[in-house]
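Visitor: Sequence first, then the predicted structure, then my questions.
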Amino acid sequence: MSRFSPKLICQGYTLALFLGATTLSPLPYSVVAIALLMILLFSMRRPLAPKGNLAILTGTVFLTPILVEPILKYLTPPTIRQALSAISILPLLYLLDHDLQQNAQSLTALSKGKTSGKHLTGISKVLGASSLLILVVSLVLGDMTLLLTDALFILYLLAILTRAFLAIPRQPVYVPSIWRRTIAGTSASIPLFIDNQASVKLHGSINAVDPWVKVTPHRLTLNKTRAELNLYATPPLAGPARPQLQFSAIDPRGFLQVNRVLQPIELHVIPRAKYAEWLAKKYLEQVGAAVTTALSLMPEVRILKRGIEYYDSRYYQPGDPLKDIDWKHTLKLNRLIIKQYFEASERVAIVGVNLSVRDAAEADTLAFNLISTALTLAQEAIPTALSVYNHQQVVLMTPVLNPKEILKRTLSLIKDITIVELTPRVLQLPDLAKLERDIHQLRQASSEPAKRLLNMLNFEYQAIKNSAKSHPATLALTSVTEHAPAPATIILISQLNHDAEALAVMRRKLARQEFVTISLEGTK
């Protein structure tokens with residue numbers, strides 16, 4: 001603040017006015033003047049929040065003419081005295097105007113729930129109601145000084161509102177439209193630019209209507225220069241999407257709020273499953289055509305050590321042992337073919353898949369996880385078996401096969417993913433390890449309450465085991481593990497809906513058989 005700024009001059013004028021009123025005005029006006037003088041001095045030394053200053057200044061505006069009029073009692077006629085008393089509030093109106101601008105800048109959140117268009121703000125309604133109340137009081141009391149003061153105050157409010165209405169158009173901002181392609185479930189960062197179409201500065205906020213969209217910065221002040229925003233979107237579903245942004249702004253003094261719904265972005269959302277399917281087909285095309293250069297993100301396929309179990313046949317590579325040549329296929333294809341073997345104890349992979357889902361989003365996630373897992377196993381040349389089931393039956397079981405063949409089968413399995421209405425889970429999935437520990441500890445106790453609790457936990461434990469015994473997940477995993485003995489890695493791809501208890505029991509059982517279990521359940 002400069003040494004002789006308008007605000008400082010107006011504050012000095014107000015203090016001098018109240019100081020004169022304390023000495024020249026009779027009781028009780030002098031007491032009121034002293035109180036206002038102390039309040040203003042305190043607020044100048046320790047500035048209050050803008051709303052606090054507004055409340056003090058609004059009251060001061062209407063009290064000042066009443067305190068000034070006794071000082072001018074020697075002036076005649078009375079109309080001149082009353083007019084001068086009312087005019088004495090002009091420096092206070094400047095201070096009020098300054099605090100209104102400060103309050104508009106400091107607003108942390110604009111009112112929500114407003115429909116699109118222009119609306120009066122809370123501060124304009126409060127000041128308008130105060131002016132109408134003073135008008136009624138002045139008419140009832142027949143106080144011409146108070147009436148003139150209120151008239152000046154109302155003219156000031158109307159001037160601000162008129163200026164705001166004329167300066168802010170129906171479309172207060174312009175945001176250029178953007179078209180983007182993104183994959184469902186992945187985050188995309190999109191820069192946006194926003195231009196102020198109003199002839200005045202706007203203090204605004206912008207919020208995303210959709211929970212999967214975020215905008216930064218949340219608060220912004222728009223002048224004539226273009227402002228930049230960053231939009232972060234993680235679309236959960238496939239299909240075109242136009243996320244909505246709720247924009248709200250107020251004029252420099254916070255009297256008028258304008259709301260608009262913006263849709264500047266058109267997202268073409270690619271299903272994750274479709275993207276994974278494209279990668280898998282691209283990989284199979286390259287492998288089938290014997291292309292030496294793989295995708296830039298795909299690691300080099302390793303060569304398995306020789307074992308005793310037949311695994312696959314492939315083209316001969318320099319360094320391969322001649323005793324592994326498959327002469328039958330070599331003569332048929334007129335090209336050297338090598339048989340591949342793996343040890344029975346070598347780590348293989350078993351992919352267990354639950355094809356039952358609740359909605360399209362889960363179906364997309366399941367298909368993506370299934371294809372991505374099969375593609376990774378094919379890239380790493382890990383022998384793989386499939387164990388597929390749904391909520392009714394076992395769908396498919398395979399022996400340990402070439403992972404490229406497994407990848408082909410997973411591509412055909414996508415069409416078998418079924419959306420069904422499943423009973424939602426009410427209780428949390430029981431911790432079987434903890435349940436077994438509790439049962440073991442209770443068996444060592446001899447008290448009657450411990451026995452009753454043991455019976456309840458035994459009943460729960462047996463119910464879970466009996467339910468899991470005939471479940472399709474149990475049947476599918478049990479059968480496939482007989483053809484792929486431990487140690488093997490079991491990858492479970494499920495949304496944990498109808499098969500949660502069965503998988504919990506099977507994981508405990510498989511862990512005791514030295515199988516390693518990896519879960520992709522519910523992965524988004």
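Guide: Yes, it's here.

Visitor: Longest strand in this protein, by number of residues?
Guide: Looking across the chain with DSSP state E, the single longest strand is strand 188-196.

Visitor: Provide the contact partners of that one at residue level.
Guide: Strand 188-196 has contacts (C-beta atoms under 8 Å, 6 or more residues apart in numbering) with 172-176, 178, 180, 182, 202, 206, 215, 220, 222-224, 226-234, 264-265, 267. Any C-beta I mention is one placed from the backbone N, CA and C, and that applies to glycine too.

Visitor: helix or strand right after that strand?
Guide: With elements assigned by DSSP states H and E, the helix or strand that comes after strand 188-196 is strand 202-208.

Visitor: Show me what the helix or strand Ser131 falls within is packed up against.
Guide: Following DSSP H and E, one finds Ser131 within helix 122-141. On a contact count with 3 or more C-beta pairs under 8 Å, 6 or more residues apart in numbering; DSSP states H and E, helix 122-141 meets helix 50-68, helix 144-167.

Visitor: by how many degrees do the helix or strand just after the first one and helix 144-167 diverge?
Guide: Next along the chain after helix 50-68, taking DSSP H and E as the criterion, comes helix 78-87. With axes from the mean of the first three to the mean of the last three C-alpha atoms, to 10 degrees defining the directions, helix 78-87 sits at 50 degrees from helix 144-167.

Visitor: in helix 78-87, what's buried?
Guide: Buried residues in helix 78-87, defined by neighbour count with 16 or more other C-beta atoms under 10 Å: Arg81, Gln82, Leu84, Ser85, Ala86.

Visitor: Ok, stretch 376-394 next?
Guide: Neighbour counts over stretch 376-394 (16+ other C-beta under 10 Å) mark 376-379, 381-391, 394 as buried.

Visitor: Just give me the neighbour total for Arg163.
Guide: Other residues within reach of Arg163, judged by other C-beta atoms under 10 Å, total 17.

Visitor: Report pLDDT for the spatially closest residue to Val394 that is not a sequence neighbour.
Guide: What sits nearest to Val394 in space, not counting adjacent residues and going by C-beta to C-beta, 6 or more residues apart in numbering, is Ala476, at 4.6 Å. Per-residue confidence (pLDDT) for Ala476: 92.

Visitor: contacting residues around Ala476?
Guide: Listed by C-beta under 8 Å, 6+ apart, the contact partners of Ala476 are Gly352, Ser387, Val388, Tyr389, Val394, Val395, Met397.

Visitor: List just the nearest of these to Leu127.
Guide: Leu127 has its nearest neighbour among the contacts of Ala476 in Gly352, at 68.6 Å by C-beta to C-beta.

Visitor: In terms of helix, strand or coil, where does the closest one fall?
Guide: The three-state label given to Gly352 by DSSP: H, G, I helix; E, B strand; the rest coil is strand.

Visitor: Hmm, it is touching Ser494, no?
Guide: Yes. If you go by C-beta atoms under 8 Å, Gly352 and Ser494 touch, sitting 7.5 Å apart.

Visitor: Need the overlap of contacts for those two.
Guide: Shared contacts of Gly352 and Ser494, defined by C-beta under 8 Å, 6+ apart, are found at Ala473.

Visitor: Now do the contacts for His268.
Guide: Neighbouring residues of His268 by C-beta under 8 Å, 6+ apart: Trp179, Arg180, Arg181, Thr182, Pro240.

Visitor: Am I right that the last one falls within a strand?
Guide: Yes. The assignment for Pro240 (three-state DSSP) places it in a strand.

Visitor: Spatially nearest residue to it, not counting backbone neighbours?
Guide: In this structure, Pro240 finds its nearest non-sequential neighbour in His268, 5.9 Å apart by C-beta to C-beta, 6+ apart.

Visitor: So which of the contacts of Ala476 belong to strands?
Guide: Among those, the ones falling in strands (DSSP E) are Gly352, Ser387, Val388, Tyr389, Val394, Val395, Met397.

Visitor: could I get those as a markdown table with pLDDT and distance to Ala360?
Guide: What follows is the ones in strands among the contacts of Ala476, written out as a markdown table (pLDDT from 0 to 100; distance: C-beta to C-beta, whole Å):
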| residue | pLDDT | distance to Ala360 |
| --- | --- | --- |
| Gly352 | 93 | 23 |
| Ser387 | 92 | 25 |
| Val388 | 94 | 20 |
| Tyr389 | 94 | 21 |
| Val394 | 93 | 25 |
| Val395 | 93 | 20 |
| Met397 | 90 | 27 |
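
Visitor: Closest to Phe515 out of the residues you listed?
Guide: Set against Phe515, the nearest of the ones in strands among the contacts of Ala476 by C-beta to C-beta is Gly352 (10.9 Å).

Visitor: what sits opposite the closest one in the beta ladder?
Guide: Residues in a beta bridge with Gly352, per DSSP bridges, are Ser387, Leu492.

Visitor: what's the burial count for it?
Guide: Using other C-beta under 10 Å, Gly352 has 26 neighbouring residues.

Visitor: cool, Ala233 as well?
Guide: Other residues lying near Ala233 total 22 when counted by other C-beta under 10 Å.

Visitor: Brilliant, that's me finished.
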